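Novice: sequence and predicted structure below; questions after.
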Amino acid sequence: MLEIEIDGQKIEVPDGSTVMDAAHKVGSFIPHFCYHKKLSIAANCRMCLVQVEKAPKPLPACATPVTNGMKVFTHSESAVKAQKGVMEFLLINHPLDCPICDQGGECQLQDLSVGYGASASRYQEEKRVVANKNLGPLVATDMTRCIHCTRCVRFTQEIAGLMELGQAFRGEHAEIMPFIEKTVDSELSGNIIDLCPVGALTSKPFRFAARTWELSRRKSVSPHDGLGANLVVQVKHNKVMRVLPLENEDVNECWLSDKDRFSYEALNSDQRLTRPMLKQCGEWREVDWQTALEYIGNDLKRVIKEHGAQAVGALASPQATLEELHLLQKLVRGLGSNNVDFRLRQSDFSLDGKNVMPWLGMKIAGIRDLDRVLVVGSFLRKDHPLLAQRLRQAAKRGTKVSILHVADDDLLISLNARSIAAPAALATELAGIVKAAAEAKGVSADSSLANVQASESARRIAASLASGENVAVFLGNLAQQHPQASTLHALAQQLAGITGARFGFLGEAANSVGGYVAGATPGVNANEGGMNAAQMLSDPRKAYVVLHAEPELDCADPQQAMAALKSADLVVALSPFKTRAIDYANVILPVAPFTETSGTFINTEGRVQSFNAVVKPLDETRPAWKVLRVLGNLLGLAGFEQDSSEAVRAEALGGKSEFIERLNNKVEGVAINLGEAAPALQPHLERIADVPIYFADALARRAPSLQKTIDAAAPAARMNAATLAKLGLAAGAKVRVSQGGGEALLDAALDAGLPDNCVRVAAGHELGAGLGAMHGAVAVERT
Amino acid sequence: MGALGFILSPEEGERGWRLADYVRRGGYAALKKIIAEKIPADHIVGELKKSSLRGRGGAGFPTGLKWSFMPRQFPGDKYVVCNSDEGEPGTFKDRDILRWNPHMVIEGMIIAGYAMGCQRGYNYIHGEIWDIYKRFEEALDEARAANLLGPNILGSDFSFELQAHHGYGAYICGEETALLESIEGKKGQPRFKPPFPASFGLYGKPTTINNTETFASVPWIITNGGDKFLELGKPNNGGTKLFSVSGHVNRPGNFEVPMGTPFAELLEMAGGVRAGRKLKAVIPGGSSAPVLPADIMMDCTLDYDSIAKAGSMLGSGAVIVMDETTCMVKALERLSYFYFEESCGQCTPCREGTGWLYRVVHRIENGLGRREDLDLLNSVTDNIMGRTICALGDAASLPVRSFIKHFKAEFEYHIERKQCLVPVDVQRAGSGFFVAEAKATC
């Protein structure tokens, strides 16, 4: 510990602290621009100059290490003189166009110039003008306002992992710019808007839409991936205008992914459904709620009377709230059925009934302390942008991160080892890692692995895990959606056991944990019976309730889902949007998106995060929990008397808690079946289906700006060079991809990171909605 | 060339730069002695300290002390870097050293590597002297072929590899940490210090950076002893020093003279002021050193202490001589333009301030000056100096302050009368370039 006196206050700070750190501790504010706690120190703005006893000149607080006995004056005459001097320099070439600047009112330069700037400028020369840059559809630029703090440059390099911005040219000609003809395409790019201390980088979708002081700030939680990023939703005239991060060091730190930040645009889109719709005699018409709900009640009763309660099934999106999921399953069970599920993209349900409630297996904040990590089956960067960011930072500090996956996408993480295998070979490859780890640790592996040969990369991964002290094995979205998910689960659990690792799941969606907690599965407990999502669709029901989901895009097998829904007598779709439900539903109910209802998401670490509505429901929209409650009443079911979402939550959780304790990844007695390896698929190709980041849920699909990004490019049939050659195709060729009687017309594209005989066709997009399961055999031919 | 030193003044005027020539002049004797006698590293550093050799790049930091900062026992890579990126207006000594005596620099760097436990060195050569870069590469090949560089030098267990690296002419890359960034392949921008290169230098490893002339002085010190070197100069200012004399003298060029030589002698060696004109001012240490008026300068001796006492810096020893035909406002405008163009743009005071300084001086020179401009210039330099990441801010400010301090009347004349105190035709005659044209038009 070092002793330092700041502005007369004596404190002790740890070795290696800077004067800025110490000043934060005593609550002394030192003006600054380039300094940011999450970024490397640049010391280029010079605004934080302070007086240090015995130093001949003022020193930058952000970069000056504390020495024992140091005396610092942050507001002395000489410190303030230096700070004012720097402020004058920052302002001489700044346009001072605050009245037309989007940053006005929330601008660090504006704020600090009040304290440190002069009322008139001594600079009488011509000011600098800098050409604006095109950074893509999300970030607007006014580069003349730039003060060259390089926060954005450091962010792209250090946090987002790829240097997409830099400072070109020298001296007064210095400009922040992307590479020539390139944009900033990171899935975290929106954060540079927050980081920019001036109005050089502002939000393109929000541009000129409102002033910061006109906006109310309301807390919320992101409804997208399993992280549950904390949000500040900014509202004007009952309309969501902008989304910013709410800092929570344990969850999203001070960051948001672009999906969290910009998907709000969908809330205001013309694709919103505003009134209940009823299809009668083949025609859709708008009806009032009473009519719609009575129709549903009567028709459900009719179906049950004619076909029995088992003819009813419910499919929910894992982005629905805990309260909605709870009432949905209660409704279905009240009707005498157990057919309810939210795991729409899952295909292997053989662990149901074994008391599994998959979660991260640890706290998100604990990722920084891991020294070895294996991620299995995850498009990590696009599926979990901020968890990937955490792993990226951990890797920089020395954590050895390895990946076993089906595609060698660039994670922008320096990987220790990687193993890329076809989906059908994934389990065998993981078994190889288990076996090699057992050998490395000198323990015997499971007898079912006797014939497994560990590959070279499997050995490297195993050696890395075996040498760690604080190890974790995570199963990603693809591993959870995999047809052999239970085998992957069992193998990963074995691997964790052998290496002393934690073992967990990267939750796909905001409520992937909450769905289990709400009981929105056919049977967490054994012998409850009931059909899971796949069963309900492969063995079609007569009536379906579809909550927030778009089965044609969200289900493991959209083709099958559409067939089942189209054959049903009654389909009730609850959605904030006009979806393709008009093709298959009988009643469509406009329910509130997350901003228009109170609710709860339980994130992948089991953190219970409740939120309130930030705006009133649009037009005739109603919160889904209320709709389900009234439907329960209409059907004469018991236990639908809750008068608030809090009451529903209390019922679902059985008491209030910050974390859910009963989550469990451990499963016993699972036979490991490595199945037939890839050759069985010959001569077909094997499909690899990622769910691209901006096709993953209803909100992202309808956010216009996100849809203009490179990540939202239309899916292609991607293959490696060998596979393309084998099919006699060149990249760019038009191909027909067929699977299970359905087909898609796509462009062939080269993706060098894929295994042989695989074709990667994204799920979640209209273009591929005619295809079958996310995994399995597909055929590709030239059109 | 003067015949008083050893770096540029091979005996009998022999100017050969090849290895054989250098060896004939007694070259590599110091290295051979060190290897043969297994002289301990401490002893070498001790000799340097005794010699009072001070860094020849401009700052004048004691070389022996700098070498002793290197953590000899640090495991892993450590680097010796030679700064041959002389880009300051008025400075042109290092290129002559490398042109006429490249092996002396190589030998100095090898000894440095030996003394500081480094196995790798780089010589960063200014990008605008390409022929010299190529010659240095040739000299390196010769040294490698003679087992003076590479693994197991002269059969010992000491190995040292040396590479040449050329810049592209950015002045800022002469700043040692910007130079390191540039070697690493990054944009040449100074790093914030601390940490200093001795602990976190090239590729994050301990690194010592010296000027070309500093390294060139080392072999002589080892051969002849630190005391002898000190005797060449004066106390606290050991050895000889190269002075690059430019401007209004009859014989501009590099002159190697003992430290402490009176300025008047150097001026005489350079043939005196051109055309018998009167000396007006001298910038004694490269363009970033404060200018001194003739009367003060004529009383100075050429060593760090005397020039510092007079209010300037010996710097890199670039002596810019200006005679009575010089307009000091125009001279300052030229200097300020240089710093404005060479600022790297990283930190605020220098990026914004150098342009401001230049524009105001430019305005004064062009008859648009205002009465308050001189105070403004001083105030702006106040806000730049000591507030920047590297010394370029100071380098841009010192000329402004000193020109105004010593030649205030000339600036005021400019502002009030919108014209030069020195008549334009006199300026033209003095500059030489426009004489014929001036005659034709006047």
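Specialist: The structure has been received and is ready for your questions. Residues are numbered from 1 along each chain as shown, chains lettered A, B, ... in the order given.
Novice: return the residues in contact with the spatially most central residue of chain A.
Specialist: Taking CA atoms, centre = their mean as the criterion, residue A:225 is the residue nearest the geometric centre of chain A, at 3.3 Å. For residue A:225, the residues meeting the contact criterion (CB atoms under 8 Å, 6 or more residues apart in numbering or on different chains) are A:257, A:259, A:383-387, A:507-510, A:696. Glycine gets a C-beta too; all of them are placed from N, C-alpha and C.
Novice: check for me that residue B:60 belongs to a strand.
Specialist: No - looking at residue B:60 with DSSP: H, G, I helix; E, B strand; the rest coil, it is coil, so not inside a strand.
Novice: burial count for it?
Specialist: 21 (other CB atoms under 10 Å in any protein chain shown).
Novice: one more: residue B:146?
Specialist: Residue neighbour count, defined by other CB under 10 Å, stands at 16 for residue B:146.
Novice: relative to residue B:113, how far out is it?
Specialist: 16 Å (CB to CB, to the nearest Å).
Novice: same question for residue A:767.
Specialist: For residue A:767, the distance to residue B:113 equals 63 Å [CB to CB].
Novice: chain neighbours aside, what residue packs nearest to residue A:372?
Specialist: Nearest non-adjacent residue to residue A:372, counting by CB to CB, 6 or more residues apart in numbering or on different chains: residue A:468, 3.1 Å away.
Novice: list the contacts of that neighbour.
Specialist: By CB under 8 Å, 6+ apart, the neighbours of residue A:468 are A:370-372, A:400, A:499, A:501.
Novice: kindly list the longest strand within chain A.
Specialist: strand A:742-750 (DSSP state E).
Novice: residue A:767 and residue B:113 - which one has more neighbours?
Specialist: Counted by other CB under 10 Å, residue A:767 and residue B:113 do not tie: residue B:113 has more neighbours, with 24 against 16.
Novice: buried set for stretch B:147-159?
Specialist: In terms of neighbour count (16 or more other CB atoms under 10 Å in any protein chain shown), stretch B:147-159 has its buried residues at B:148-149, B:153, B:158.
Novice: quick check: mean pLDDT of that stretch?
Specialist: The pLDDT scores in stretch B:147-159 average 96.
Novice: just to revisit the earlier point, the contacts of residue A:225 in helices, which ones?
Specialist: When those are checked against helices (DSSP state H), the matches are A:259, A:383, A:385-387.
Novice: ok so, going back, which one of the contacts of residue A:225 is nearest chain B?
Specialist: Nearest to chain B among the contacts of residue A:225 is residue A:385, at 27.8 Å by CB to the nearest CB.
Novice: ok, and the closest non-adjacent residue to the closest one?
Specialist: Leaving aside its sequence neighbours, residue A:385 sits nearest to residue A:257 (CB to CB, 6+ apart; 3.8 Å).
Novice: quick one: end-to-end distance for stretch A:10-24.
Specialist: Stretch A:10-24 has an end-to-end distance of 13 Å (criterion: CA to CA, to the nearest Å).
Novice: how about the residues of the stretch 101-250 of chain A near chain B?
Specialist: Proximity of the stretch 101-250 of chain A to chain B, by CB under 8 Å from any CB of the partner chain, involves residues A:122-123, A:125, A:147-148, A:166-167, A:169-174.
Novice: on that earlier part again, let's see the longest strand of chain A as CSV, backbone CA atoms only.
Specialist: Extracted C-alpha coordinates of strand A:742-750, given in CSV (Å, rounded to 0.1, in the frame of the first residue of the first chain):
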residue,chain,number,x,y,z
GLY,A,742,-38.4,-27.9,-48.7
GLU,A,743,-35.8,-25.8,-50.4
ALA,A,744,-34.1,-22.5,-50.4
LEU,A,745,-32.5,-20.6,-53.3
LEU,A,746,-29.3,-19.1,-52.1
ASP,A,747,-25.9,-17.8,-53.3
ALA,A,748,-23.0,-20.2,-52.6
ALA,A,749,-20.3,-18.6,-50.6
LEU,A,750,-16.8,-19.5,-49.5
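Novice: low-confidence ranges, chain A, go.
Specialist: Along chain A, the parts satisfying pLDDT under 70 run over A:524-528, A:675-683.
Novice: which parts of it sit against chain B?
Specialist: Taking CB under 8 Å from any CB as the contact definition, chain A meets chain B at A:41-47, A:49, A:56-58, A:60, A:63, A:65, A:82, A:85-86, A:88-90, A:92-93, A:122-123, A:125, A:147-148, A:166-167, A:169-174.
Novice: from these, list the buried ones, please.
Specialist: Buried residues within the residues of chain A next to chain B, counting neighbours by 16+ other CB under 10 Å: A:41-47, A:49, A:58, A:60, A:63, A:82, A:85-86, A:88-90, A:92-93, A:123, A:147-148, A:166-167, A:170-172, A:174.
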